[in-house]
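*Asks:* model this:
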Amino acid sequence: MPGSFDICENDTVRQRMETGREGMMKQTARQSDDVQELVTRITRALVEDPDKVIVEKTEDRDSTWLRVRVAPSDVGRIEGQQGRATRAVRAILAAVSRKQHHRYLFVVDERNQGADESFL
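*Replies:* Presented below is the predicted three-dimensional model:
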């Protein structure tokens, strides 16, 4: 009968769709790990104490937040003169976001700085 689908065909299509979704989720997770590593490397290159750099990743369906924590003495280096360094990192993330069709947000966490056990 034209226009009707056999139950087997529907199941096969459904399986392909599910496999495609799982593959996309794995790919997005892998890409966000790469972006987190990129932000970590850039941040460590800007600060005096790279061992205290922590980049936390928080993901939801449509976006990934990258929260950066550094030593209190390095906050100014991350923000840069008039926010230039932060804007530069955000510009890179905007380009990556457009390419990957996934939003990346960059935040410098100034509340609790430094890599000590009090906030880990």
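*Asks:* If you average pLDDT per helix and strand, which one of the protein comes out bottom?
*Replies:* One helix or strand of the chain scores below all others by mean pLDDT, DSSP states H and E: helix 7-46, with a mean of 72.
*Asks:* Counting neighbours, show which residues of the helix or strand that comes right after it come out buried.
*Replies:* Later in the chain than helix 7-46, the nearest helix or strand by DSSP states H and E is strand 54-59. Using 16 or more other Cβ atoms under 10 Å as the test for burial, strand 54-59 gives 54, 55, 57. For glycine as for every other residue, the C-beta is placed from the backbone atoms N, C-alpha and C.
*Asks:* Format those as a markdown table; extra columns: distance to residue 88 and pLDDT.
*Replies:* Below are those laid out as a markdown table (distance: Cβ to Cβ, whole Å; pLDDT from 0 to 100):
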| residue | distance to residue 88 | pLDDT |
| --- | --- | --- |
| 54 | 20 | 95 |
| 55 | 16 | 96 |
| 57 | 20 | 94 |
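*Asks:* Turn those residues into JSON lines, including distance to residue 40.
*Replies:* Listed next are these as JSON lines, based on distance: Cβ to Cβ, whole Å:
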{"residue": "54", "distance to residue 40": "9"}
{"residue": "55", "distance to residue 40": "5"}
{"residue": "57", "distance to residue 40": "10"}
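*Asks:* So which of these is the closest to residue 90?
*Replies:* residue 55 (14.1 Å; Cβ to Cβ).
*Asks:* Now do the same contact list for the closest one.
*Replies:* 36, 39, 40, 43, 66, 67, 68, 69 (Cβ atoms under 8 Å, 6 or more residues apart in numbering).
*Asks:* Quick check: the closest residue to it other than its chain neighbours vs residue 89, distance?
*Replies:* Residue nearest to residue 55 in three dimensions, not counting chain neighbours: residue 40, with 4.6 Å by Cβ to Cβ, 6 or more residues apart in numbering. Separation of residue 40 from residue 89 (Cβ to Cβ, to the nearest Å): 11 Å.
*Asks:* the more surrounded of those two?
*Replies:* residue 89 (22 against 17; other Cβ atoms under 10 Å).
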